[in-house]
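Asker: this is the structure alone, sequence omitted:
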């Protein structure tokens, strides 16, 4: 809700005289009920909510007394009645509406407080279909829509998330609301109802993808988008995944890099440190200790590491912190830090320090383009040694096999066209985002040379097959001894022939890892 200083004063005030309260969870409600009672507001409710209000020593009228009908069908029908919805939907300035209210003895309902059945939580708990269906709220969602539609006269508090703003209004103005306030609550109510319906649709649609419905709450306003002249907002529970221990506000580009960093480090079980720049790894290494992993990751490209994103799956201690503090970087992500490490890292007040709390990677990815939305399953495929099918006479040895798997993980998370060069589980260089696979390879070779790496005995991974043998020819001349690629080119035999003639081994995975 906007801060009070941003409100545009509205002259259309409404006093709350009667409230209908129907909530699933009661926590957080007591202060509101007591404040409304102090303002002389009367209550209507059903079942457990009515009992709760009465337990506070406050009188509450039963919906059944208003409608003349008991709760029926196991509680499925309680509030669905003209005397309830007429009290909500009547237009206070419409003479015909008011005449009909008098004719049918329908009282005004000025405030509706609803907390819907927890359908999404029920599904997430693994409940069976019968239990899930029973948690589809009918009366509550109808009350929300009715009250929100008639926001000119009625206040709707549609979830616990609105308890705080509503209580603040009660404390500031008593049981009076402005048109602007009621319209804000209506907007929030339709956000609740649309998200609720989207969740139910997703449950029934399963994997059919018959329509695109996605509702994500919790907006995080960003300083700007990809560039300063672009607006940007992140929707999601960022704090569920990370604790921000230090630093400035997270930017749009930070979020892209954080997502890329977490996706990459998730592939590794052994202690690994990676440095990313513009969503690509410019350095990564797996080592027995975090300090060793950091030193060798940085060595992969100490120039590009400037202003980069650092991520590790190990604990950052003081020695590591002191070493990484020698360069400028924007974000560091780790599962834990020692107290001494944090003291060192926090010396730069703008540096973003993230403590990763849990691993949650969405199963689907979305991208808006043209006049629609592109949806795909996340590339969760990663290969093991058993997936490496030999293509050449020579087979990779144990060290090469480990390096091939390492290189394949890194190339999977690199922008296409992509080539990675690895030796001893350290990224020597990569060529990413090139329009030609040859360009990607030549760029990687040149970069490795510029940092003094000897490619003799290194391995090469490609995110897609080699349409021509030129890449393996260039790699062989550079000292590469083993290659991993998806395979599937009509000219694979030419690449194989070159490898056989020059003592190189090549394996295929059968899985392409394009990333655009």
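Answerer: Noted; the coordinates are in hand. Keep in mind the model is a prediction, meaning the values are calculated, not measured.

Asker: switch to C-alpha atoms for all contacts and neighbour counts from now on
Answerer: Noted.

Asker: can you tell me the closest non-neighbouring residue to residue 496?
Answerer: The spatial neighbour of residue 496 that comes closest, neighbours along the chain excluded (Cα to Cα, 6 or more residues apart in numbering), is residue 392 at 5.9 Å.

Asker: surely that neighbour touches residue 507?
Answerer: Yes: with contact defined as Cα atoms under 8 Å, residue 392 counts as touching residue 507 (7.3 Å).

Asker: name the residue in the two with the higher neighbour count.
Answerer: residue 507 (24 against 21; other Cα atoms under 10 Å).

Asker: distance check, the more buried one against residue 378.
Answerer: Separation of residue 507 from residue 378 (Cα to Cα, to the nearest Å): 24 Å.

Asker: now the strands for the stretch 401-516 of the chain?
Answerer: 419-422, 427-431, 459-462, 482-485, 505-508 (DSSP state E, counting those that start in this stretch).

Asker: tell me the strands beside the second one, with direction?
Answerer: Sheet partners assigned to strand 427-431 using DSSP bridges are listed as strand 419-422 (antiparallel).

Asker: which residues sit against the partner strand?
Answerer: 403-404, 406-408, 410-411, 427-432, 437, 440-441, 444-445, 458-463 (Cα atoms under 8 Å, 6 or more residues apart in numbering).

Asker: contacts for stretch 375-387?
Answerer: Here stretch 375-387 has contacts from 267, 362-367, 401, 405, 408-409, 509, 513, using Cα under 8 Å, 6+ apart.

Asker: could these be laid out in TSV, adding pLDDT?
Answerer: Converted to TSV, the contacts of stretch 375-387 look like this (pLDDT from 0 to 100):
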residue	pLDDT
267	95
362	85
363	86
364	87
365	89
366	89
367	91
401	97
405	97
408	97
409	97
509	96
513	91
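
Asker: compare the residues you listed and tell me which is most surrounded.
Answerer: residue 408 (28 neighbours).

Asker: does that residue touch residue 462 like I think?
Answerer: Yes: using Cα under 8 Å, residue 408 is in contact with residue 462, at 7.4 Å.

Asker: please enumerate the shared neighbours of those two.
Answerer: Common neighbours of residue 408 and residue 462 (Cα under 8 Å, 6+ apart) are 420, 484.

Asker: gap between the two ends of stretch 283-290?
Answerer: End to end - Cα to Cα - stretch 283-290 spans 14 Å.

Asker: so where is the stretch 301-450 of the chain shaky, pLDDT-wise?
Answerer: For the stretch 301-450 of the chain, not a single residue meets the criterion pLDDT under 70.

Asker: what segments of it are helices?
Answerer: 318-324, 339-345, 398-412, 437-450 (DSSP state H, counting those that start in this stretch).

Asker: okay, those in CSV with distance to residue 278 next?
Answerer: Shown next, in CSV, are the helices of the stretch 301-450 of the chain (distance: least, Cα to Cα, whole Å):
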stretch, distance to residue 278
helix 318-324, 19
helix 339-345, 22
helix 398-412, 14
helix 437-450, 16
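
Asker: in the protein, where's the longest helix?
Answerer: helix 179-205 (DSSP state H).

Asker: elements contacting that helix?
Answerer: The helices and strands touching helix 179-205, judged by 3 or more Cα pairs under 8 Å, 6 or more residues apart in numbering; DSSP states H and E, are helix 119-124, helix 139-149, strand 155-157.

Asker: pull the residues that contact the last one.
Answerer: Put plainly, it is strand 155-157. 110-114, 144, 147-148, 163, 166, 177, 182, 185-186, 189.
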